[in-house]
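Q: fold the following.
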Amino acid sequence: MCKSAIGRPSTVLCVSALMLWSGSAWLLSAADEGITQIETLIQNEQTASAEKMIEGKLVVDPRNAALLTLLAEVRYDQKRYKQALQLIDDADAIAGPTAKGTTLRGLVAVADSRLDPAESKFREAIRLDPKYAFAHFCLSRLHYTRNQFDDSIQESKAAIALAPNFVRAYENLGLCYEAKEQFDEAKKWYLQAIRLGASGGRQTEWPLLHLATMLVRNDQVEEARPYLLESLKLNPNNSHAHLQMAIVLEKTGDLVGALQELQRTMSLDPTKAEAHYRAGRIQQRLGNKDQADKEFAQFRKISEAQHRQD
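A: Okay, the predicted model is just below:
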């Protein structure tokens, strides 16, 4: 799954097809109950089972546009973008363009860093089905990526009006208001995302982590701590959560604990330059000059490589 996914730490817009919103009327009204079952498998990240079921059904019904589009979702998540687009082409040739397929075209464009064509596809999807909440959400994330926060807020609220339990739209509102430095408003939307996620049975660590990160940046470290702990319970392998916990521990004087969290961060994501810089600074404070020099050297190496890539 793409780690620069919509709403995640990177401001680069990307999204896993596993998160495609299932609100399109053509899918929910499908007579074949198996399609709904496949959609559920995809939403629950059971892509291997979904793929097997789709391919089995396509043997019997190879011109089923809904099945082809669902297989395109799976191919997108596998980063097999050309195959995803070909499947959408096939589905469109059979049943005409759909909001779901057109949104997926936009996501493929995003994955290829073609944001203008992506925006065009998201807007086209909304024209095809103004009630398709996920297209509004994707457009909101695109606006966020471009620092167009008011436009992003408008599209997130449009998604919520259509799908009141759309957790990630609430999360995006938190990100937007945080970017506008309206921190109380951001906190309100993050908390709403957390509550909805907890009550919906498919909670992720991200709303908790976004809120905690904002609190840490504003030096509210003790308030941030329980949200970080809960986020790590949900996903112990989130490198960003370990980095934020390291910052909390450093700010509260636990240098050894902070260094342990930084080491966990680096083991999960060796390319996280900030972790090496902070580790070097702590090693300096602990009097470990050789270790500090090694961490700073690694920080410079990663930073220079990332700068060249950018």
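
Q: how about stretch 246-253 as PDB, C-alpha atoms only?
A: Provided in PDB are the C-alpha atoms of stretch 246-253 (Å, rounded to 0.1, in the frame of the first residue of the first chain):
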ATOM      1  CA  ALA A 246      11.000   9.800  20.500                       C
ATOM      2  CA  ILE A 247      10.400  13.500  20.300                       C
ATOM      3  CA  VAL A 248       8.100  13.300  23.300                       C
ATOM      4  CA  LEU A 249      10.600  11.300  25.300                       C
ATOM      5  CA  GLU A 250      13.400  13.700  24.400                       C
ATOM      6  CA  LYS A 251      11.400  16.700  25.400                       C
ATOM      7  CA  THR A 252      10.500  15.100  28.700                       C
ATOM      8  CA  GLY A 253      14.200  14.200  29.500                       C
END
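
Q: flag every buried residue along that stretch.
A: 246, 247, 248, 249, 250 (16 or more other Cβ atoms under 10 Å). For the C-beta atoms, the positions are set from N, CA and C on the backbone; glycine is no exception.

Q: ok, these vs residue 224, which is closest?
A: Distance to residue 224 across the buried residues of stretch 246-253 (Cβ to Cβ) is lowest for residue 248, with 6.1 Å.

Q: looking at the buried residues of stretch 246-253, which is nearest residue 128?
A: residue 247 (44.6 Å).

Q: check whether the closest one really touches residue 277, as I assumed.
A: No - counting by Cβ atoms under 8 Å, residue 247 does not reach residue 277; the two are 11.7 Å apart.

Q: quick one, what contacts residue 109?
A: 115, 117, 118, 121 (Cβ atoms under 8 Å, 6 or more residues apart in numbering).

Q: hmm, 6 Å instead?
A: Each residue near residue 109 by Cβ atoms under 6 Å, 6 or more residues apart in numbering is listed here: 117, 118.

Q: residue 228 versus the nearest residue to residue 285 once chain neighbours are set aside, what's the distance?
A: Nearest residue to residue 285 in three dimensions, chain neighbours excluded: residue 255, at 6.1 Å (Cβ to Cβ, 6 or more residues apart in numbering). Distance of residue 255 to residue 228, computed by Cβ to Cβ, to the nearest Å: 18 Å.

Q: which one's more surrounded, those two?
A: Of the pair residue 255 and residue 228, residue 228 is the one with more neighbours under other Cβ atoms under 10 Å, namely 26 against 16.

Q: could you look up the SS state of that one?
A: helix (DSSP: H, G, I helix; E, B strand; the rest coil).

Q: from what I can see it touches residue 212, true?
A: Yes - the pair formed by residue 228 and residue 212 meets the contact definition of Cβ atoms under 6 Å, at 4.6 Å.

Q: please enumerate the shared neighbours of the two.
A: Residues touching both residue 228 and residue 212 (Cβ under 6 Å, 6+ apart) are residue 244.

Q: how about residue 70, what does it touch?
A: Residue 70 sits next to 38, 54 when contact means Cβ under 6 Å, 6+ apart.

Q: one more time with 8 Å
A: Residue 70 touches 35, 38, 39, 42, 50, 54, counting by Cβ under 8 Å, 6+ apart.

Q: distance from the host helix or strand of it to the middle of the chain?
A: Remark: residue 70 resides in helix 65-77, with elements defined by DSSP states H and E. Its chain's C-alpha centre and that of helix 65-77 lie 19 Å apart, by Cα atoms, centre = their mean, to the nearest Å.

Q: number of nearby residues for residue 173?
A: 26.

Q: actually residue 68, not the one I wrote
A: Residue 68 has 24 neighbours, counted by other Cβ under 10 Å.

Q: and it, how far from residue 80?
A: 14 Å.

Q: with residue 181 instead?
A: In terms of Cβ to Cβ, residue 181 sits 40 Å off from residue 80.

Q: of these two, who's got more company?
A: Using other Cβ under 10 Å as the criterion, residue 181 and residue 80 rank with residue 80 on top: 14 against 9.

Q: find me the pLDDT at that one, would you?
A: Per-residue confidence (pLDDT) for residue 80: 96.
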